[in-house]
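**Student:** Fold the following.
(one chain, ligands or ions: 2)
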Amino acid sequence: MARLVSGEDHHHHLELDKLHSTCKEWGVFQLVNHGVKSSVVEKLKNELEEFYNLPMEERMKYKIKAGEHEGYGNIGKEDGKRDWADRFYFITNPIHRRNPHLLPELPSSLRNILESYFMELQKIAMKLLSFIAKALEIDVNEMIELSENGMQSVRMTYYPPCPNLELAMGFAPHSDATLITILNQVNGVDGLHVNKDGVWLPLIFQPNALVVNIGDILEIFSNGVYHSIEHKATANMVKERITVAFFVNPKFEAEVGPSPSLVNPKNPPLFKRVGMEQYGRDYFVRRPHGKTYLQHMRIEDGQDNLNKTSYIEN
Ligand SMILES: O=C(O)CCC(=O)C(=O)O
Ligand SMILES: [Fe+2]
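**Tutor:** Ligands and ions are numbered 1, 2, ... in the order given. Okay, here's the model as predicted:
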């Protein structure tokens, strides 16, 4: 079970040492006193339950179109297992990147509560990223520059009750492409598992907690000091499970790469640099699978050594 990082009044009291060691050792933590009003969370739950109860034709208005990856859908069968989740993925920020057929076309009561919720999460994300910059001992402005008005997206997942977990696929093992992901287990049904040093551990959510995952981009940005967490999810045998994952990324114009302030002759860059726009495109070409995409960003031995030799003079 992952360690907790929480504060008394919201997260103003996050202890930097604890945050640092948690991000290094675990790559996942729970925020208990996050400050999102319980009325917002309750309304979100009710609205999502209502949405998933809509007739199929209504929900299919948002279905993923050929060649796109935003929208509502289910991937059918994979590796002989039935996909046991409906996923609804779309970009939420920057506003001009929103797909006009998705969020703007949702039933207004759902849209309104999502907007309030995303606003709250955006605030929490910016605070957390500032804390993370401090914990990494880099200039907070560098983090703000990278992530302010960043690319944000959401995946709302619905797992129906599943009588036979053996035959069904929930969410296959992957790490998120993000700086951080804020996961809300909206109706309180557990099912997230994290890979801690090769062992899959079920994550037991604290009541009303938000779970924060470190994503690949933060592993890259921290030049490997922090680790993205590989995770997977399963359905529940008797209850439906509803989750909302909020993905926090650099802005499209930014470069994904190790922070210049963490790279020096003793610590050569471990990862390549690539524009956020390109990074996102490349990520979607592959089906998320373990931490394979991060591997692709790693500087190969030869290149790494080249970098090292060019520093040897000092
Ligand atoms: O539904 C969950 O618990 C996990 C979802 C997830 O990992 C994702 O959307 O990336
Ligand atoms: Fe994920």
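
**Student:** doesn't Val244 make contact with Phe118?
**Tutor:** No. Here Phe118 lies out of contact with Val244, judged by C-beta atoms under 8 Å, at a distance of 9.6 Å. C-beta: built from backbone N, CA, C; applies to glycine.

**Student:** Need the overlap of contacts for these two.
**Tutor:** Common contact partners of Phe118 and Val244 (C-beta atoms under 8 Å, 6 or more residues apart in numbering): Val154.

**Student:** And stretch 242-250, how far out from the chain middle?
**Tutor:** Taking C-alpha atoms, centre = their mean, to the nearest Å, one finds the center of stretch 242-250 at 5 Å from the center of the full chain.

**Student:** ok, which stretches of the stretch 1-150 of the chain are helices?
**Tutor:** Using DSSP state H, counting those that start in this stretch, the helices found in the stretch 1-150 of the chain span residues 16-25, 38-52, 56-60, 108-135, 140-147.

**Student:** Show the contacting residues for Asn195.
**Tutor:** Pro173, Leu201, Ile229, Glu230, His231, Lys232.

**Student:** Quick check: the farthest pair among those residues?
**Tutor:** Across the contacts of Asn195, the longest distance by C-beta to C-beta is 12.8 Å; it joins Pro173 and Leu201.

**Student:** Of all the helices of the stretch 1-150 of the chain, which one is nearest ligand 1?
**Tutor:** Set against ligand 1 and scored by C-beta to the nearest ligand atom, these come closest in helix 38-52, at 12.6 Å.

**Student:** Identify each buried residue in the closest one, please.
**Tutor:** Neighbour-count burial for helix 38-52, counted by 16 or more other C-beta atoms under 10 Å, picks out Val41, Lys43, Leu44, Lys45, Glu47, Leu48, Phe51.

**Student:** Point out the residues in the protein that sit beside ligand 1.
**Tutor:** With C-beta under 6 Å from any ligand atom as the criterion, the chain comes near ligand 1 at residues Arg155, Thr157, Phe171, Asp176, Leu183, Gly191, Leu192, His231, Ala233, Thr243, Ala245.

**Student:** now do 5 Å
**Tutor:** With the criterion set to C-beta under 5 Å from any ligand atom, the chain comes near ligand 1 through Arg155, Thr157, Phe171, Leu192, Ala233, Thr243, Ala245.

**Student:** So which residue is dead centre in the protein?
**Tutor:** Thr181 (2.7 Å; C-alpha atoms, centre = their mean).

**Student:** Now do the helix or strand in which that one is found: everything it contacts.
**Tutor:** Using DSSP states H and E, Thr181 sits in strand 180-185. For strand 180-185, the surrounding residues in contact (C-beta under 8 Å, 6+ apart) are 31, 41, 44, 121, 124-125, 128-129, 132, 191-192, 205, 210-215, 218, 241-248.

**Student:** ok, which stretches of the stretch 201-314 of the chain are strands?
**Tutor:** 210-214, 231-233, 241-248, 255-256, 274-275 (DSSP state E, counting those that start in this stretch).

**Student:** Any regions of this structure where pLDDT drops low?
**Tutor:** Scanning the chain for pLDDT under 70 picks out 1-14, 76, 285-289, 301-314.
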